[in-house]
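**Student:** Structure of the sequence below:
(chains A and B, ligands or ions: 2)
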Amino acid sequence: MFQRIIQLLLKEFLQLRRDRSARFRLLIPPIVQMLLFGYAATFEVFNVATVMLDQDHTQESRALVDSFVHSSRFELVAVADDRRQVQAAVESSKAQLGIVVPPGFAELLRKGQSAPLQVLVDGTNSNTALIALGYAGQISGAFGQTYAQDLAQRTGRALGRPLVSVKLEERYWYNPNLNSRWFFVPGVIGTLTLITIVNLTAFAIVREREVGTLEQILVTPIRPVEFIIGKTLPFFFIGLLEVSIVTAVGMWWFRVPFEGNLLVLLFGTCLFLISVLAIGLLISTLCKTQQQAFASNFFILNPMFILSGFSFPIATMPQALQWITYVDPLRYFLIIIRATYLKGVGIDILWPQMATLAALGFGLFGVAILRFSKSLD
Amino acid sequence: MADSSPMQIVVDGLVKRFGAFTALDGISFGVAHGEIMGFLGPNGAGKSTLIRILCGLLRPSAGRALVAGIDVAGDPEAVRRRIGYMSQKFSLYGDLSVVENLRFFGGIYGVSEAEMPERLRFAVDMAGLTGREDALVATLAGGWKQRLALGAAILHRPAILFLDEPTSGVDPGSRRRFWNLIHALSEEGVSILVSTHYMDEAEYCHRIALINRGRLVALGTPLELKQHSLGGELLALEGERIGEAIAPLARAPGVRDVAMFGNALHVLVDQAALRLPALLALLAGSGIADGRGRRIDPSLEDSFVHLVAAKLPPTEVAS
Ligand SMILES: Nc1ncnc2c1ncn2[C@@H]1O[C@H](COP(=O)(O)OP(=O)(O)OP(=O)(O)O)[C@@H](O)[C@H]1O
Ligand SMILES: [Mg+2]
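**Tutor:** Ligands and ions are numbered 1, 2, ... in the order given. Here you go, the predicted model:
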């Protein structure tokens, strides 16, 4: 068993060593794309996952919370009982925004003073954060204005007096300067790994099918599992190498600080690569020619990319699409890589993503092995 | 037929359908130890499909195939350890060297490290590539490539060898050398099933199976096929514009078949000596002044053309 796998590995590396253009394809495009992606655009944001903490418990505070909830911009995902829960929700990426109405909010308003409203933002996704903050400002501003008019009518005080207002106190976490590059760089690492490794894996097998060497291998006593391991293991190592290179570019060229534990990222990357290899493998079992593989890659990788939350927030997608994102390995890896990179979060928080990724990876791999029968029918 | 059969390959009523298309339609034959069985048939006859089924690459739709006494559909892995296969497409790695290819396939076939050097030397010698072990396979000429592929297919000393058009596109000298190798293997007891397009190569086989459109049209030694399958004697007629005589000749008494062979006509008659004068007279009457003819020994090609092109009901001829 091992002898056959080793023979395959040896063969793959020999071929790779001979293939100058392959080495070029492996290194240059990821670096170039990394540089290109380093500069990103902004996007409109809906349904920002929001956690609320109302410490005031007054009619006013409830009205304010309502006006957030009823806007299409924010979606209430949790109601917290204390600040620790707000922090936990943002840290675990359950919510992107935390709104805290501090005690005494209504009292200040009634006195006609400006009342503070705290907004905690997960700055990791800087675009969303920035835009969400803008909306929060608008909503609280409108709320303040309505309240002031109300108050003026009820008390008979003229509007010219010091205007009641709700003052936003913003707190950014993790990415204090809302540097969008910091947000994009880790995402690019995941996306590029996906694209390159799926392509390499799919093409490596489809090429053998097309050239005819696969048929020659199929008549040997090699087992499907042996063939698949021997054929994908090289790309597993290449994937790790690629993540390292692109990460290095991100850290030293774009100076995105790496906050987390490299081992956690490595572990997450390994899990992600299993899914990626399995997808490449599945494509290769479906395609007879490299041309078909090219088309399939396009049709599979593009949606995976769009649905991953790389640039378009998943929360703003229609519900049906959101469901599909649950089977997109890139979605989970992006959470892992962004969280380890920018937040320094560990396995204690990321284990659900890791577990899902592992389940997806081994599931897909199992399907690929079952599909890869040693016959040509 | 039981497993104790002396046959290395037993094919019984084999059918292969691809969707609605029937590629193999009830094929039955056997191959003995050390026998060279040739598969002859036009493009699309089903030769590759049959070989692939015997290698366990395709599943038969009906019927049974025993290779080395093992049902291929039931236990393809057990069969694979005992067979060597050269596919119709050249399928070694062009970007690997001669020894790298051999070592790879040897390793996959489970040739032990102890045995490997001897097997590598054997395959390299056989291919005539001694001294060029490190050449990339893509740089080799066709004949060498095919011999190397044969070497790779027999590294693990299979008892049965399947060769799918191993000499197509190879120059005649190399083909000759290739067939010498096949005969050497056969003398060692290896059973060989080889498909080919070349009539002359078919003559090198111990037995020939003629297949057309998925059916076995004839089966026998080259001599048997030549003598019996025609069902008559053969005349070769030549002359200026001889082609114009086809229609009147076909209607002449005693004539069973007429076919163009190069610039001659081969005419199948019941008795050559009896019919020749009348046919020459007919040529003269059709305006072919220099018409001449003689009795010839039928070649395999004659049988082939007669059996395939004349579209005789296959069951009548198949032995
Ligand atoms: N996988 C397949 N799916 C559908 N049809 C097939 C498949 N493989 C072969 N065929 C068809 O079966 C028929 C027999 O093909 P096969 O390759 O066995 O012929 P062959 O005798 O080897 O011909 P050639 O001399 O061209 O190699 C052909 O008509 C071919 O188109
Ligand atoms: Mg063929």
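**Student:** neighbours around the closest residue to chain B within the stretch 151-300 of chain A, how many?
**Tutor:** Closest residue of the stretch 151-300 of chain A to chain B, Cβ to the nearest Cβ: A:Gly212 (3.6 Å). No exception for glycine: its C-beta is placed from N, CA and C like everyone else's. Close neighbours of A:Gly212, defined as other Cβ atoms under 10 Å in any protein chain shown, add up to 14.
**Student:** next one: A:Pro313
**Tutor:** Residues near A:Pro313, counting by other Cβ under 10 Å, number 21.
**Student:** what comes up buried for the helix or strand A:Glu242 falls within?
**Tutor:** Using DSSP states H and E, A:Glu242 falls within helix A:224-252. Judged by neighbour count using 16 or more other Cβ atoms under 10 Å in any protein chain shown, the buried positions of helix A:224-252 are A:226-236, A:238-240, A:242-243, A:245-247, A:249-250.
**Student:** repeat for stretch B:224-238
**Tutor:** The neighbour-count criterion (16+ other Cβ under 10 Å) identifies B:Leu225, B:Lys226, B:Ser229, B:Leu230, B:Gly232, B:Glu233, B:Leu234, B:Leu235, B:Ala236, B:Leu237, B:Glu238 as the buried residues of stretch B:224-238.
**Student:** Pull the contacting residues for residue 269.
**Tutor:** Went with chain A since none was named. Going by Cβ atoms under 8 Å, 6 or more residues apart in numbering or on different chains, A:Thr269 touches A:Thr193, A:Gly239, A:Leu240, A:Val243, A:Phe333, A:Ile337.
**Student:** Switch to chain B, please.
**Tutor:** Applying Cβ under 8 Å, 6+ apart, one finds that B:Val269 lies in contact with B:Gly232, B:Glu233, B:Leu234, B:Leu235, B:Gly254, B:Val255, B:Arg256, B:Arg275, B:Leu279.
**Student:** Just the ones in strands from those residues, please.
**Tutor:** Among the contacts of B:Val269, the members found in strands (DSSP state E) are B:Glu233, B:Leu234, B:Leu235, B:Val255, B:Arg256.
**Student:** what's across from the first one in the sheet?
**Tutor:** Beta-bridge partners recorded for B:Glu233 (DSSP bridges): B:Val269.
**Student:** per-residue confidence at it?
**Tutor:** B:Glu233 carries a pLDDT value of 84.
**Student:** what do you get for the last one?
**Tutor:** Per-residue confidence (pLDDT) for B:Arg256: 84.
**Student:** I figured it hits B:Asp270, correct?
**Tutor:** Yes - counting by Cβ atoms under 8 Å, B:Arg256 touches B:Asp270, with 7.0 Å between them.
**Student:** what domains does the record give for chain A?
**Tutor:** Using automatic domain parsing, the domain parsing of chain A gives A:2-41+A:176-376, A:48-159.
**Student:** closest one to B:Trp179 among those domains?
**Tutor:** Proximity to B:Trp179 (Cβ to Cβ) singles out domain A:2-41+A:176-376 among the domains of chain A, at 21.8 Å.
**Student:** Mind checking if the closest one is in reach of ligand 2?
**Tutor:** No - if you take Cβ under 5 Å from the ion as the test, domain A:2-41+A:176-376 misses ligand 2, and the best it gets is 11.9 Å.
**Student:** Mean confidence (pLDDT) on that domain, please.
**Tutor:** Domain A:2-41+A:176-376 carries an average pLDDT of 84.
**Student:** Quote the end-to-end distance of that domain.
**Tutor:** 25 Å (Cα to Cα, to the nearest Å).
**Student:** That domain vs ligand 1: in contact?
**Tutor:** No - applying Cβ under 6 Å from any ligand atom, one finds domain A:2-41+A:176-376 separated from ligand 1 by no less than 6.6 Å.
**Student:** how far out from the middle of the chain is that domain?
**Tutor:** Put simply, domain A:2-41+A:176-376 sits 14 Å off its chain's centre (Cα atoms, centre = their mean, to the nearest Å).
**Student:** now the strands for the chain?
**Tutor:** You didn't say which chain, so I picked chain A. Secondary structure of chain A (DSSP E): strands at A:48-54, A:74-79, A:97-101, A:115-122, A:166-173.
**Student:** Sorry, I should have been clearer: chain B.
**Tutor:** Counting by DSSP E, the strands of chain B are B:7-18, B:21-32, B:36-40, B:62-67, B:70-71, B:83-86, B:160-164, B:191-196, B:207-212, B:215-220, B:233-238, B:255-261, B:264-269, B:292-296.
**Student:** which stretch in these has the least confidence?
**Tutor:** Least confident of these, judged by mean pLDDT, is strand B:255-261 with a mean of 83.
**Student:** That one - which strands sit beside it in the sheet, and in what orientation?
**Tutor:** Looking at strand B:255-261 with DSSP bridges, its partner strands are strand B:264-269 (antiparallel).
**Student:** Show me which positions of stretch B:203-219 end up buried.
**Tutor:** Across stretch B:203-219, burial judged by 16+ other Cβ under 10 Å covers B:204-219.
**Student:** surely A:Leu133 meets A:Val119?
**Tutor:** Yes - here A:Leu133 reaches A:Val119: they are 6.6 Å apart, a contact under Cβ under 8 Å.
**Student:** Count the neighbours of residue 77 for me.
**Tutor:** I'll assume chain A. The number of residues packed near A:Val77 is 17, by other Cβ under 10 Å.
**Student:** switch to chain B, that's the one I care about
**Tutor:** Using other Cβ under 10 Å: B:Glu77 sits among 13 other residues.
**Student:** near chain A, which residues of chain B?
**Tutor:** Applying Cβ under 8 Å from any Cβ of the partner chain, we find that chain B lies next to chain A at B:52, B:55-59, B:76-77, B:80-81, B:83, B:85, B:87, B:89-93, B:95-96, B:100, B:103-105, B:107-110, B:136.
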